[in-house]
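Colleague: I would like to see how this sequence folds:
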Amino acid sequence: MDCTLSRSSKHTARPAAAARLRPIGLLVLVAALAAPAVAADTATLSVDATKPGAKIDRNIFGQFAEHLGHGIYEGIWVGPDSAIPNTRGIRDDVVKALRALRVPNVRWPGGCFADEYHWRKGIGPERPVGLNPNWGGVTEPNSFGTHEFLDFIEQIASEAYVSVNVGSGTPQEAAEWLEYLTTDQPTALARERARNGHAGPWRIGYLGIGNESWDCGGNMTPDYYLSQLKIYSRFVRNFNPEQQQGAHRMLKIAVGPGGDGPRWTEWTDVIMKAWQKHTWSWDIDGLSLHNYTVVKWPPAYKSSGFGEKEYAEILASTLEMDGLIRTHSAIMDKYDPEKKVALFVDEWGAWYAPLAGSNPGFLVQQNSLRDAVLASLNLNIFARHAERVRGANIAQMINVLQAMILTDGAKMVLTPTYHVFRMYLPFQDATLVPVTLDPGRYTNGASSLPRLDAIAARDAAGKLWLAVTNLDPNQPVELAASLAGVKARSAAGETLTAPAVDSVNSFEAPETVAPKPVAAKLAGGTLSLTLAPKSVTVVSVAE
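Modeller: Residues are numbered from 1 along each chain as shown. Below you'll find the model as predicted:
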């Protein structure tokens, strides 16, 4: 994560917690509900289930938890002595909510924090208090370290995506961390791990070799990073025999680009050209890509209390993700036509101006219906590029940027983005099915966007799933979807919408933006349903 905004005051974000989750104004809600009905437009869509595509890797639904603001401390970790119900210091309510999402992997400890993180400070009974200069200039107690993170991973039934310190660390430090984590041999580090409470090795699914090494991770050139990548790839091993080959092998993810200009295309070209001729002693399995929906830098768009103009501009910006993936995929294809190296979009999401009253370095923002629509658009893009995009991590999991969950003391609320991830569960490891759609256009001022966006897939049981997003905040759409290769008997689904584009869930009104059943009709191989304005709809078709 780019830490440009880290130079900030040290006051806490706590006073803003209640303010950031105020319920929607009664007058706004009444006005929206009393608005006259708008005649629905019409659209047609065709699904061809006879032509299955690539698998939608469940890892595109990954999460990101950095030591930043209240993401870890208060969001995940409250300590075993907290009055908030917890298991070994980890919040029970958060674990329950995340287990329901079947989170495939969690990237930790950063982010910019990763390249200043020294793992030994986070193990054992004595934890030195340090600084977190990237994010708010606050102290880092190191209470949440290796054992606590991997306990959290086990509690939510996920996999660990560990980013090692390339910027201020050493290959030896990283190698010893992996030995501590993964060896089952009676080494000094394994015995130390056992003394600290975990006798056996852990499973580490993914290893990130640095973070944004072109910026907060060391301001490296592509060639200099490549020299470090080869060293870390060689010596930072997984020592668990079960993870050295086969389906459970630990995958190594290299730092990739952060945009689509010449600086970024050069970075991808340098890494992939070297990989094409790599020797036995080093290898990578993935290349990261970071891209936030920002529009203006520093982030200036409001996360609540905005209007339709800002809604349209933000969504137009997030749709640029498709072109960004195409640009870097084309470079990767030149050196890797078999697509052995995955593209991991391991930082993505909306980045808005920090809420008033919060520490700017804590990246506190609201999460609205607009963010639910934004999340669906990005997930659809990743799915359509499933042959190359096999991992993604939204930024971030709790209380930071485009979060799944917001907390304030013992209170917790699920965000609109959480609900999209829950609605998209059937697409995890499903097989993409081609969709043909004339989306129409939604225009607001200088912003012109497709009115509709859609993907379809078959799950492992053979059931067909269709996800359709109506970007237009004003106009409902009557959709007629023809289903080739499907003997449809019944259909059921749910839709996510709300009275306004900036509707949010608060602690006082947690269901303002929540999925509701949607009526779907089948007749003669055609699925018909009404798409509400500014909505995300997911429908299953049973045969």
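
Colleague: ok, now which ones touch Thr431?
Modeller: Thr431 sits next to Pro52, Gly53, Ala54, Lys55, Ile56, Ala457, Arg458 when contact means Cβ atoms under 8 Å, 6 or more residues apart in numbering. Using the backbone N, CA and C atoms, a C-beta is placed for each residue, glycine as well.

Colleague: could you do Pro299 as well?
Modeller: So Pro299 contacts Leu5, Trp351, Tyr352, Ala353, Pro354 (Cβ under 8 Å, 6+ apart).

Colleague: tell me which two of those sit farthest apart.
Modeller: Farthest-apart pair in the contacts of Pro299 is Leu5 and Tyr352; separation 11.5 Å (Cβ to Cβ).

Colleague: ranking helices and strands of this protein by mean pLDDT, which lands last?
Modeller: For the chain, counting by mean pLDDT, DSSP states H and E, helix 26-34 ranks last in confidence among helices and strands (a mean of 38).

Colleague: following that helix, which helix or strand comes up?
Modeller: strand 41-48 (DSSP states H and E).

Colleague: ok, that following strand: who's next to it in the sheet?
Modeller: strand 435-437 (antiparallel), strand 477-484 (parallel) (DSSP bridges).

Colleague: ok so, going back, which one of the contacts of Pro299 has the most neighbours?
Modeller: Tyr352 (28 neighbours; other Cβ atoms under 10 Å).

Colleague: sec struct for it, please.
Modeller: coil (DSSP: H, G, I helix; E, B strand; the rest coil).

Colleague: ok, the residue nearest to the spatial centre of the chain - contacts?
Modeller: Geometric centre of the chain, nearest residue: Ile394, 1.6 Å, by Cα atoms, centre = their mean. Going by Cβ under 8 Å, 6+ apart, Ile394 touches Gly62, Gln63, Phe64, Trp348, Gly349, Ala375, Gln402, Met404, Thr417, Phe421.

Colleague: any idea of the pLDDT on the fourth one?
Modeller: At Trp348, the pLDDT value in this model is 98.

Colleague: wait, it touches Leu377, no?
Modeller: No: here Trp348 does not reach Leu377: they are 10.9 Å apart, not a contact under Cβ atoms under 8 Å.

Colleague: one step back: same list, the contacts of Thr431, but as JSON lines with pLDDT, secondary structure and distance to Val166 please.
Modeller: What follows is these, written out as JSON lines (pLDDT from 0 to 100; DSSP: H, G, I helix; E, B strand; the rest coil; distance: Cβ to Cβ, whole Å):
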{"residue": "Pro52", "pLDDT": "93", "secondary structure": "coil", "distance to Val166": "39"}
{"residue": "Gly53", "pLDDT": "95", "secondary structure": "coil", "distance to Val166": "36"}
{"residue": "Ala54", "pLDDT": "97", "secondary structure": "coil", "distance to Val166": "31"}
{"residue": "Lys55", "pLDDT": "98", "secondary structure": "strand", "distance to Val166": "31"}
{"residue": "Ile56", "pLDDT": "98", "secondary structure": "coil", "distance to Val166": "31"}
{"residue": "Ala457", "pLDDT": "98", "secondary structure": "strand", "distance to Val166": "36"}
{"residue": "Arg458", "pLDDT": "97", "secondary structure": "strand", "distance to Val166": "40"}
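
Colleague: now list the buried members of those residues.
Modeller: Gly53, Ala54, Lys55, Ile56, Ala457, Arg458 (16 or more other Cβ atoms under 10 Å).

Colleague: from the residues you listed, which two are the most distant?
Modeller: Greatest spacing in these, by Cβ to Cβ: Ala54 and Arg458 (12.1 Å).

Colleague: nearest residue to Arg326 in space, please, no chain neighbours.
Modeller: His385 (7.8 Å; Cβ to Cβ, 6 or more residues apart in numbering).

Colleague: verify the stated contact: that neighbour with Leu324.
Modeller: No: in this structure His385 lies outside contact range of Leu324 using Cβ under 8 Å: 10.4 Å.

Colleague: could I have stretch 399-415 exported to CSV, CA atoms only?
Modeller: The C-alpha trace of stretch 399-415 is given here as CSV (Å, rounded to 0.1, in the frame of the first residue of the first chain):
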residue,chain,number,x,y,z
ASN,A,399,-12.0,-0.5,9.7
VAL,A,400,-9.6,0.6,6.9
LEU,A,401,-10.4,1.8,3.4
GLN,A,402,-13.1,-0.4,1.6
ALA,A,403,-13.7,-2.6,4.6
MET,A,404,-15.9,-5.7,5.0
ILE,A,405,-16.6,-4.8,8.6
LEU,A,406,-16.6,-1.7,10.8
THR,A,407,-16.2,-1.8,14.6
ASP,A,408,-16.5,0.6,17.5
GLY,A,409,-15.7,-1.0,20.8
ALA,A,410,-18.0,-4.0,21.2
LYS,A,411,-20.2,-2.9,18.3
MET,A,412,-19.8,-4.3,14.8
VAL,A,413,-21.6,-3.7,11.5
LEU,A,414,-21.3,-5.4,8.1
THR,A,415,-20.8,-3.1,5.2
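
Colleague: any stretches of the protein with poor pLDDT?
Modeller: Confidence mapping of the chain against pLDDT under 70 gives the ranges 1-38.

Colleague: for it, what spans make up the helices?
Modeller: Chain-ordered helices for the chain, with DSSP state H as the definition, fall at 16-19, 26-34, 92-99, 146-155, 171-182, 188-195, 222-235, 262-276, 308-318, 321-335, 369-384, 416-423.

Colleague: deepest of the ones you listed, which one?
Modeller: The highest mean neighbour count among those, using mean count of other Cβ atoms under 10 Å, belongs to helix 369-384: a mean of 26.

Colleague: so which elements touch that helix?
Modeller: helix 308-318, helix 321-335, strand 342-350, strand 389-395, helix 416-423, strand 452-458, strand 464-470, strand 535-542 (3 or more Cβ pairs under 8 Å, 6 or more residues apart in numbering; DSSP states H and E).

Colleague: gap between that helix and the chain center?
Modeller: Helix 369-384 sits 11 Å away from the centroid of its parent chain (Cα atoms, centre = their mean, to the nearest Å).

Colleague: quick check: angle from that helix to strand 389-395?
Modeller: In terms of direction (axes from the mean of the first three to the mean of the last three Cα atoms, to 10 degrees), helix 369-384 departs from strand 389-395 by 160 degrees.

Colleague: tell me what angle helix 369-384 forms with strand 535-542.
Modeller: Using the same axes, to 10 degrees: helix 369-384 against strand 535-542 is 50 degrees.

Colleague: using PDB, list the CA coordinates for helix 369-384.
Modeller: Output in PDB follows, covering the C-alpha atoms of helix 369-384 (Å, rounded to 0.1, in the frame of the first residue of the first chain):
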ATOM      1  CA  LEU A 369     -24.000   1.300  -1.700                       C
ATOM      2  CA  ARG A 370     -21.600   2.900  -4.300                       C
ATOM      3  CA  ASP A 371     -18.800   0.700  -2.800                       C
ATOM      4  CA  ALA A 372     -21.000  -2.400  -3.200                       C
ATOM      5  CA  VAL A 373     -21.500  -1.600  -6.900                       C
ATOM      6  CA  LEU A 374     -17.700  -0.800  -7.200                       C
ATOM      7  CA  ALA A 375     -16.800  -4.200  -5.600                       C
ATOM      8  CA  SER A 376     -19.100  -6.100  -8.000                       C
ATOM      9  CA  LEU A 377     -17.600  -4.400 -11.000                       C
ATOM     10  CA  ASN A 378     -14.000  -5.300 -10.000                       C
ATOM     11  CA  LEU A 379     -14.900  -8.900  -9.100                       C
ATOM     12  CA  ASN A 380     -16.600  -9.200 -12.500                       C
ATOM     13  CA  ILE A 381     -13.500  -7.900 -14.200                       C
ATOM     14  CA  PHE A 382     -11.300 -10.300 -12.400                       C
ATOM     15  CA  ALA A 383     -13.600 -13.200 -13.300                       C
ATOM     16  CA  ARG A 384     -13.500 -12.300 -17.000                       C
END
